[in-house]
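Engineer: This is the structure alone, sequence omitted:
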């Protein structure tokens, strides 16, 4: 049977030591993963390592694990990708969160802009972090997505100034995505910016172009992609071109 | 205001003629799109053309439109892509349907295999067709997705024999996706095959490799993608490399 994987972000782990887990982790491990006394599982804690652990004690309220082995996790992306996603309606933000974790993205920056209808999803932060952690476990990563606080589009330049390349999905784009990516093979830090259902105002695009020297506006083709599709497709293209899908 | 788009698959349309629409189309146009007498809308009917129509009569039960203009739709993909997707649980199949329409895919072949848990989703066919038609309208296409009946994995070779390239997403792949796609720039007909949550048995892969001379198994990288993510990501990579995202 395949080793079950579990993510506990804030748990420091050392070889041969034992740890009592929190109630919420107990619930997931016992009731969802259905693990029992003496079972082993792989725990990742956002450090780049996987820890092979054994359940050494289990009661109605508590679960204690012992770390048997520590191993470097090699499934993290070699290119550091950040997705800046305008707030979108419904469960689309959750969907984007899950999919970009699978694609190997490190950071998600939610932002508001003139045409975003949703202005706040902070009440969702805990749920989004949980979705990201579960996606990390499932896809075999040892790190989870860093979801920042919601910023204004005006704040993006200072957050993205150190990136080698910033791609802005924009229907009136100046650059071909293929041309840009094929010329960016050596980039180590790439950010993508995707707007909400309402897109960007022209002055927002002008502002970002002026403030971010490494920004390229790119079109995603003749078909109009929904916001959540644009994020996944653009991230896929970046990961594909950077050799992360091979 | 942007022209609203609507899809009616089986409606033959000719310039200057008037047509009475069905009750379900009436409901969508009046209650969802909120169009009124004399409003114009763009209707696509799976022919490769868009028809600019005007609402010339509207009653409680019926709506009549007149065709004012006919225009070729240029947003269809120049490469013919078919997605063969193993049946997956829940709303994932709907999600795949919507996203591959946006990406420009022409045909979706649902299939069962040894490790598919869902064995039948025929009761969903009407809903899937509606999702595909709405996605076509929204993304600006004039054609919708042809969703075939559910087949067995054993039937795929005879359905895919005429394709230039068949990509099978498989974790023990022989080929690099990038290498395969960069050598396939002239392909006009490409199929991709993506398994269910349970993946493929080795004998299924051997069978497909034997029966399909143009099949290449490709890995999608070090992270394990969910079935629905694999479909979208692999389709994105194909469309990207074929120049359909620029």
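Structural biologist: Thanks, I have the structure now. Keep in mind that what you see is a predicted model, and the values were worked out from it rather than measured. Numbering: from 1, shown residues only, chains lettered A, B, ... in the order given.

Engineer: Can you tell me the SS state at residue A:95?
Structural biologist: Using DSSP: H, G, I helix; E, B strand; the rest coil, the secondary structure recorded for residue A:95 is helix.

Engineer: Count the residues that sit near the residue nearest to it when sequence neighbours are not counted.
Structural biologist: Using CB to CB, 6 or more residues apart in numbering or on different chains and skipping the chain neighbours, the partner closest in space to residue A:95 is residue A:228 (5.5 Å). All C-beta atoms are positioned from the backbone trio N, CA, C, and that covers glycine. Using other CB atoms under 10 Å in any protein chain shown, residue A:228 has 23 other residues around it.

Engineer: and the helix or strand where residue A:228 lies, what does it pack onto?
Structural biologist: For residue A:228, the host element (DSSP states H and E) is helix A:227-241. Packing partners of helix A:227-241 (3 or more CB pairs under 8 Å, 6 or more residues apart in numbering or on different chains; DSSP states H and E): strand A:80-86, helix A:92-102, strand A:165-169, helix A:177-182, strand A:189-194, helix B:92-102, helix B:227-241.

Engineer: gap between that helix and the chain center?
Structural biologist: Per CA atoms, centre = their mean, to the nearest Å, the displacement of helix A:227-241 from the mean C-alpha position of its chain is 13 Å.

Engineer: repeat for stretch A:18-30
Structural biologist: The mean C-alpha position of stretch A:18-30 is separated from the chain mean by 24 Å, CA atoms, centre = their mean.

Engineer: What are the buried residues along that stretch?
Structural biologist: Residues of stretch A:18-30 classed as buried: A:19, A:21, A:25-26, A:28-29 (neighbour count, 16 or more other CB atoms under 10 Å in any protein chain shown).

Engineer: With pLDDT, distance to residue B:185 and secondary structure as added columns, please give these in a markdown table.
Structural biologist: Below are the buried residues of stretch A:18-30 laid out as a markdown table (pLDDT from 0 to 100; distance: CB to CB, whole Å; DSSP: H, G, I helix; E, B strand; the rest coil):
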| residue | pLDDT | distance to residue B:185 | secondary structure |
| --- | --- | --- | --- |
| A:19 | 96 | 53 | strand |
| A:21 | 93 | 52 | coil |
| A:25 | 88 | 49 | helix |
| A:26 | 89 | 54 | helix |
| A:28 | 88 | 47 | helix |
| A:29 | 92 | 49 | helix |
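
Engineer: Determine which two of those are furthest apart.
Structural biologist: Greatest spacing in the buried residues of stretch A:18-30, by CB to CB: A:19 and A:28 (15.2 Å).

Engineer: quick revisit: return the closest of the buried residues of stretch A:18-30 with respect to chain B.
Structural biologist: Of all the buried residues of stretch A:18-30, chain B sits closest to residue A:28, with 18.4 Å by CB to the nearest CB.

Engineer: gap between the closest one and residue B:179?
Structural biologist: 40 Å (CB to CB, to the nearest Å).

Engineer: now the helix holding residue A:228 and strand A:189-194, what's the angle there?
Structural biologist: Put simply, helix A:227-241 runs at 160 degrees to strand A:189-194, going by axes from the mean of the first three to the mean of the last three CA atoms, to 10 degrees.
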